[in-house]
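Chemist: Here you go, sequence then predicted model.
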Amino acid sequence: MIDQTRRQPDPIPVTLLTGFLGAGKTTLLNRLLSDPDLKDTAVLINEFGEIGLDHLLVQHFDDATVLLASGCLCCTVRGDLVEGLEHLLRRMDNGVIPPFRRVVIETTGLADPAPVLHVLMMHPYLVMRFRLDGVVTVIDAVNGLSTLDAHPEAVKQAAIADRIVLAKTDLLDTPERQAGFASLNARLDRLAPGAVRLDAAKGEATPAALLDAGLYNPANKIPDVESWLNAEAVEAAEAAQRGHSQHGSAHDANRHDDRIRAFTVATEAAVPAAALDMFLELVRGMHGDKLLRLKGIVRLVEDPARPVVLHGVQHVLHPPSQLPDWPDDDRRTRLVMIVRDVEPAVIRRLFDAFMGLPAPDQPDGAALTDNPLAPATMRR
Ligand SMILES: Nc1nc2c(ncn2[C@@H]2O[C@H](COP(=O)(O)OP(=O)(O)OP(=O)(O)O)[C@@H](O)[C@H]2O)c(=O)[nH]1
């Protein structure tokens, strides 16, 4: 008889380990994998070039390590990564390898992390078996600044991080290097205000600090919205940024990271579901490729007691989930967005328009509220 009570196992957390070429990813991975708490970890390594070498450096190299050999993840992602994850699952489900409780994917230093996140967010089967735990970006304390200047991929890797590991801080042995490191930190304050920063040489990059960065605390399954969104840090960075602008501090508009902005949108009011759908559709349609990451928690008019959780990367939105309850007293709708080449004010105006808060001087708001085809909740 078929066991009707059988259900899908909990999705396995996946950590994406990224960072520019030579930043220190493999070194960090080895350190993490030597921790007994991570013995049940499967590893996927993506290497650039015909002959992969990194797997030789990963001491964990065994049956639970998959080498994605055919090149850059962003080019081969639909094939290699999906196949790699399915391969691991198949071998675990068939008892060929022991069950693993966690996956770490180390990308090549040149990879755009977004396509990897897309697979984890929208593959019809893999989203049931895996969940994105977080993005860990390794940055070289000595060369990080010049890498950000020269490579837009490195800027993107930093901007979408949940955790940033600063490697090679033990090499900051001259005043010039120390000054460069201070400038690097100042840039990261703006570029990735929501990411927790950890110093590898000080021993801060522990499994506990890097992993379980997702919404759920796997031990008690209670969602930790506050640290997942980290909206306060993003708001503080915005305020600091406004202060700089008022005092006329100049930024080089051509610098890659000056085109990236992290900001929050918050409201006390509940949001009509139709308005939320249309807002997200429009943001994805108009600015999808510029929306590096979106995280949010939303109070719906229709179901205010059960907040909706949003998580998106570019035009791909993870199927929204609903929490059974609000985790704390803060019941505001809060969105945290990281965008490139879009003014936060543009997105904020759009949100206000869908929330029925049209700015009188903005034709888009009036067009929505006066439009007989718009959902009733949005009409005047
Ligand atoms: N002094 C010092 N050296 C480090 C540290 N982390 C990494 N390295 C060295 O930096 C070099 C590159 O480190 P890897 O861990 O291979 O860097 P990676 O990001 O995996 O490199 P790719 O796979 O080529 O992109 C190696 O020689 C490491 O020994 C650190 O914290 N301090």
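Modeler: Thanks, I have the structure now.

Chemist: count of residues packed around the single nearest residue of the stretch 201-350 of the chain relative to the ligand?
Modeler: Scanning the stretch 201-350 of the chain for the residue nearest the ligand gives Ala201, at 5.4 Å (criterion: C-beta to the nearest ligand atom). Heads up, the C-betas are built off the backbone N, CA and C, glycines and all. The number of residues packed near Ala201 is 14, by other C-beta atoms under 10 Å.

Chemist: so what's Thr147 up against?
Modeler: Remark: with contacts taken as C-beta atoms under 8 Å, 6 or more residues apart in numbering, Thr147 is in contact with 20, 23, 139-140, 154.

Chemist: any chance you could map the strands in the stretch 151-300 of the chain?
Modeler: Counting by DSSP state E, counting those that start in this stretch, the stretch 151-300 of the chain forms strands over residues 163-167, 196-199, 260-267, 291-298, given from the N-terminal end onward.

Chemist: which residues sit against the shortest one?
Modeler: Just to be clear, that refers to strand 196-199. Strand 196-199 has contacts (C-beta under 8 Å, 6+ apart) with 162-166, 169, 185, 188, 204-205, 209-210, 213, 230.

Chemist: Domains in this protein, by residue range?
Modeler: Domain assignment of the chain by automatic domain parsing yields the ranges 12-210, 261-378.

Chemist: In the contacts of strand 196-199, find the pair that's most separated.
Modeler: Farthest-apart pair in the contacts of strand 196-199 is Thr169 and Asn230; separation 22.6 Å (C-beta to C-beta).

Chemist: for Leu323, what are its contacts?
Modeler: The neighbourhood of Leu323, defined by C-beta under 8 Å, 6+ apart, consists of 223, 297, 306-307, 309.

Chemist: can you check Met286 too?
Modeler: Shown in contact with Met286 (C-beta under 8 Å, 6+ apart): no residues.

Chemist: Would you mind naming what in the protein lies close to the ligand?
Modeler: Those residues of the chain that sit near the ligand, judged by C-beta under 6 Å from any ligand atom, are 19, 21-27, 54, 109, 167-168, 170-171, 200-201.

Chemist: So which of those residues sits lowest on pLDDT?
Modeler: In terms of pLDDT, the weakest of the residues of the chain next to the ligand is Asp54, which scores 46.

Chemist: if we can go back for a sec, ok, and which of the domains of the chain has the densest surroundings?
Modeler: Comparing those by mean neighbour count (mean count of other C-beta atoms under 10 Å), domain 12-210 ranks first with a mean of 19.
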